[in-house]
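> Predicted structure and sequence below. I'll ask about it afterward.
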There are 2 protein chains.
Amino acid sequence: MDGSSNQRQEAVRAFESRCRAEGLALTPQRRLIFEAVLDSRDHPDADAVFEAVRGRLPGISRATVYRVLDALARIGVIDKALHAGATSRFDGNRAAHHHLVCVRCDLIIDIIDERLDALPRPDTRRLGFLIADGQVQFRGICAACRKREGGKSGGSSGKS
Amino acid sequence: MDGSSNQRQEAVRAFESRCRAEGLALTPQRRLIFEAVLDSRDHPDADAVFEAVRGRLPGISRATVYRVLDALARIGVIDKALHAGATSRFDGNRAAHHHLVCVRCDLIIDIIDERLDALPRPDTRRLGFLIADGQVQFRGICAACRKREGGKSGGSSGKS
DNA sequence: TTAAGTGCAAAAGCTTTGCGGGTAG
DNA sequence: CTACCCGCAAAGCTTTTGCACTTAA
């Protein structure tokens, strides 16, 4: 529990310096919301974060949670997870294919790459999860959004 | 345009037999909605499908589009695309990781598998898409949903 | 014939926005 | 001190649901 605690500290530090770099004030709300996402093992939606934070900051409002999550995702200290939830989009392509996903505008582009079709499958027997198929999603920024943002779209964090 | 036309015919055939197998009536609405998704190159949301179908079936209602898309996804003739849109879920995990995604309940489970961390990257220069990172999503059915569905969750289609 | 499907309209959720007061820097 | 940020409440969207009529099988 020490190594992971160190990791957590480091994540908090990164959050702070990133906020400073982007000119975002370090408010208690932002700290708590960031930590709530950091500490959750599942991939919470805004409402789950709201409930988690509420315990420690009873007066907080949903609007703040939405605004802060959006801001934190924009500066890159948290990610929006790719999922199939509520506002669904559909895909009639039956062939094996993969996706480019724009993190700014949610554009999805199909790509075909045979090298990605035979992915090694993790052992999920323990979890009871039955895998049907696998797909690769490359996240990044599409041509239109790069143009709109005027060039400064470099991967400063370089996660993968 | 012949090979792809054949492919389309085959997809339509598969749709029909799948409906019969599941006891879904082959209504004009279902045909048109399926074909609209099949023919779209992007990954349309419900409203885009509604607009597309509307041209050929002016009286159709949004409710029907939602219901049909849901039904078609459930019997597996179309997929719900994974994306980060409106109803977002967040991820504070900064380390490279991948996901198991339950197609029934949208549960997301993190998995670590080093074999998946160094994915070959497709050439996207032509598209102007700047890749930041890649992630693998394995779709399937989680333990809870398998139990709830009473065992009959075998991968009959075997897409990948 | 009959169970399933559809359209309509209303309801229910979730997310965003405007504004006045509060707070970090 | 000043600009940014928050809470509140209302508005805006998207998606779901109940009900009576229509239609596929």
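Okay, I see it.
> hey, let's count contacts and neighbours off CA atoms from now on
Will do.
> Look up how far A:Val68 lies from the closest residue to A:Ser88 other than its chain neighbours.
Leaving aside its chain neighbours, A:Ser88 sits nearest to B:Asp45 (5.8 Å; criterion: Cα to Cα, 6 or more residues apart in numbering or on different chains). Per Cα to Cα, to the nearest Å, B:Asp45 is found 26 Å from A:Val68.
> then the longest helix along chain A to PDB, C-alphas only?
Secondary structure of chain A per DSSP state H: the longest helix is helix A:3-22. The C-alpha atoms that make up helix A:3-22 are tabulated as PDB, following Å, rounded to 0.1, in the frame of the first residue of the first chain:
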ATOM      1  CA  GLY A   3       4.000   2.100  -3.700                       C
ATOM      2  CA  SER A   4       0.400   2.800  -4.800                       C
ATOM      3  CA  SER A   5       0.200   5.600  -2.300                       C
ATOM      4  CA  ASN A   6       3.200   7.100  -3.800                       C
ATOM      5  CA  GLN A   7       1.700   6.800  -7.200                       C
ATOM      6  CA  ARG A   8      -1.400   8.500  -6.000                       C
ATOM      7  CA  GLN A   9       0.600  11.400  -4.600                       C
ATOM      8  CA  GLU A  10       2.400  11.700  -7.900                       C
ATOM      9  CA  ALA A  11      -0.900  11.800  -9.700                       C
ATOM     10  CA  VAL A  12      -2.200  14.500  -7.400                       C
ATOM     11  CA  ARG A  13       1.000  16.500  -8.000                       C
ATOM     12  CA  ALA A  14       0.600  16.100 -11.800                       C
ATOM     13  CA  PHE A  15      -2.900  17.300 -11.500                       C
ATOM     14  CA  GLU A  16      -1.800  20.400  -9.600                       C
ATOM     15  CA  SER A  17       1.000  21.400 -11.900                       C
ATOM     16  CA  ARG A  18      -1.300  20.800 -14.900                       C
ATOM     17  CA  CYS A  19      -3.900  23.100 -13.500                       C
ATOM     18  CA  ARG A  20      -1.300  25.800 -12.900                       C
ATOM     19  CA  ALA A  21       0.000  25.400 -16.400                       C
ATOM     20  CA  GLU A  22      -3.500  25.800 -17.800                       C
END
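> does any part of it sit near DNA strand D?
No. Using Cα under 7 Å from any atom of the strand, helix A:3-22 never reaches DNA strand D; the gap is at least 8.2 Å.
> List the buried residues in that helix.
By neighbour count on 16 or more other Cα atoms under 10 Å in any protein chain shown, the buried set for helix A:3-22 is A:Ala11, A:Val12, A:Phe15, A:Glu16, A:Arg18, A:Cys19.
> nearest residue to A:Ile60 other than its sequence neighbours?
A:Arg54 (6.3 Å).
> What is the burial count for that neighbour?
Using other Cα atoms under 10 Å in any protein chain shown, A:Arg54 has 16 other residues around it.
> for it, phi and psi?
A:Arg54 adopts backbone torsions of phi -50, psi -40, taken as degrees, to the nearest 10.
> And A:His99, by the same measure?
Dihedral angles (degrees, to the nearest 10) for A:His99: phi -130, psi 140.
> now do A:Ala118
Taking degrees, to the nearest 10 as the convention, A:Ala118 sits at phi -110, psi 70.
> likewise A:Leu116?
Torsion angles, degrees, to the nearest 10, at A:Leu116: phi -100, psi 0.
> Kindly report the same for the one 10 residues further on.
A:Arg126 adopts backbone torsions of phi -60, psi -40, taken as degrees, to the nearest 10.
> All the helices of chain A, in order from the start?
Under DSSP H, chain A gives helices at A:3-22, A:28-39, A:46-54, A:62-75, A:143-148.
> From the contact counts, what lies against the longest helix of chain A?
helix A:28-39, helix A:62-75 (3 or more Cα pairs under 8 Å, 6 or more residues apart in numbering or on different chains; DSSP states H and E).
> Run the angle between that helix and helix A:62-75 for me.
90 degrees (axes from the mean of the first three to the mean of the last three Cα atoms, to 10 degrees).
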